[in-house]
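[1] Got a predicted structure plus its sequence, pasted below:
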Amino acid sequence: MNVFEEVKLFYQQYQGEKRIVGKSEEGREIFAFFVGAHTAPTAICQCAIHAREWITAYIGLAQIARGVSRGGAWVIPLVNPDGALLSQVGIESVAQERTKNRLLRLNGGKDFSLWKANARGVDLNVNFDARWGTGEKNVFHPAPENYIGKRPCSAQESRTLKYVTYAVRPQFTLSYHAKGEEIYWEFYQPFFRKMRDKRLACVLKKTTGYPLKRAKNSAGGYKDWCIERLKIPAFTVEVGSDGWSHPIGKEYAPLLCKKHENDLNKLLEEY
């Protein structure tokens with residue numbers, strides 16, 4: 001089974017509160033799962049917004065299975081199902097010949113294992129309205145990575161995540177990426193909010209053992225948007241050793257799930 005099939009099967013078998021919160025550009029469901037209680041604090045955890053980082057979807061599933069002991073959270077394990085399948089399965093995952101041909105031209109070949117974008121060549125994690133288009137690595141045309149899109153949240157997947165976040169109004173958000181074993185938590189916060197956010201970042205630092213890092217010259221990310229627009233703490237956790245190759249294989253899923261299954265719960269406990 002591929003990662004989308006596994007998330008879909010988990011959704012079908014899940015007995016708790018759940019929603020199909022949107023569809024991808026290729027029409028695949030974006031699944032969300034609720035854990036805990038509808039009492040504060042509330043969080044959102046999202047995974048696999050970058051295609052080749054589909055391994056993080058399994059961390060989302062592990063956190064759903066683990067549950068939380070305080071507050072509640074919506075977990076979206078696979079924000080970018082089309083891109084994840086391009087990376088994991090290849091061009092055969094795309095139904096329409098016209099889209100296949102376009103993607104093959106964008107990618108420059110049949111090996112999509114390092115693809116980061118969605119099925120329209122938009123990098124979802126630079127597609128948010130947080131100093132959009134000002135990142136050092138941004139590109140302005142469809143590409144395997146770093147294309148900002150025609151406008152903020154122009155992609156269906158990023159727009160879905162935006163709408164879910166507005167609907168939930170979480171106290172904080174947690175995003176999983178791969179790789180590097182580090183935590184990003186800053187985006188131009190004023191001093192007092194930075195001190196508030198750093199306290200929670202240090203909870204993640206203690207739980208994961210990863211250092212806190214500052215992203216240089218990046219913009220348009222989901223974390224960035226949560227910090228700048230919603231004015232809430234938001235964290236990006238980069239999982240997996242830099243010595244591992246992209247995409248991180250499924251054989252690493254048990255190790256990563258065991259390491260990170262309690263991250264969300266710890267943040268809610270310490271909020």
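    Nice, I can see it.
[2] Would you agree Thr134 falls within a helix?
    No: according to DSSP: H, G, I helix; E, B strand; the rest coil, Thr134 belongs to no helix; its state is coil.
[3] What does the most centrally placed residue in the chain show for phi and psi?
    The centre of the chain sits closest to Cys47, judged by C-alpha atoms, centre = their mean, with a distance of 3.3 Å. With angles defined as degrees, to the nearest 10, Cys47 sits at phi -130, psi 160.
[4] Ok, Lys137 next?
    Backbone phi and psi, for Lys137 under degrees, to the nearest 10, turn out to be phi -100, psi 0.
[5] ditto for the one 4 residues further on
    The phi and psi values for His141, taken as degrees, to the nearest 10, are phi -150, psi 150.
[6] and the nearest residue to it once chain neighbours are set aside, what does it touch?
    Nearest in space to His141, with sequence neighbours left out and distances taken as C-beta to C-beta, 6 or more residues apart in numbering, is Tyr147 at 6.3 Å. Yep, even glycine has a C-beta here, placed from its N, CA and C like the rest. Contact partners of Tyr147, counting by C-beta atoms under 8 Å, 6 or more residues apart in numbering, are Ala117, Gly121, Val122, Asp123, Val126, Asn138, Val139, Phe140, His141.
[7] Give me the buried entries from these.
    With neighbours counted using 16 or more other C-beta atoms under 10 Å, the contacts of Tyr147 contain these buried positions: Ala117, Gly121, Val122, Asp123, Val126, Asn138.
[8] Report the beta-bridge partners for the residue nearest to His141.
    Note on Tyr147: beta-bridge partners Val139, judged by DSSP bridges.
[9] circling back to that earlier point, and which of the contacts of Tyr147 is nearest to Phe172?
    Checking the contacts of Tyr147 against Phe172 by C-beta to C-beta gives Val126 as the nearest, at 21.3 Å.
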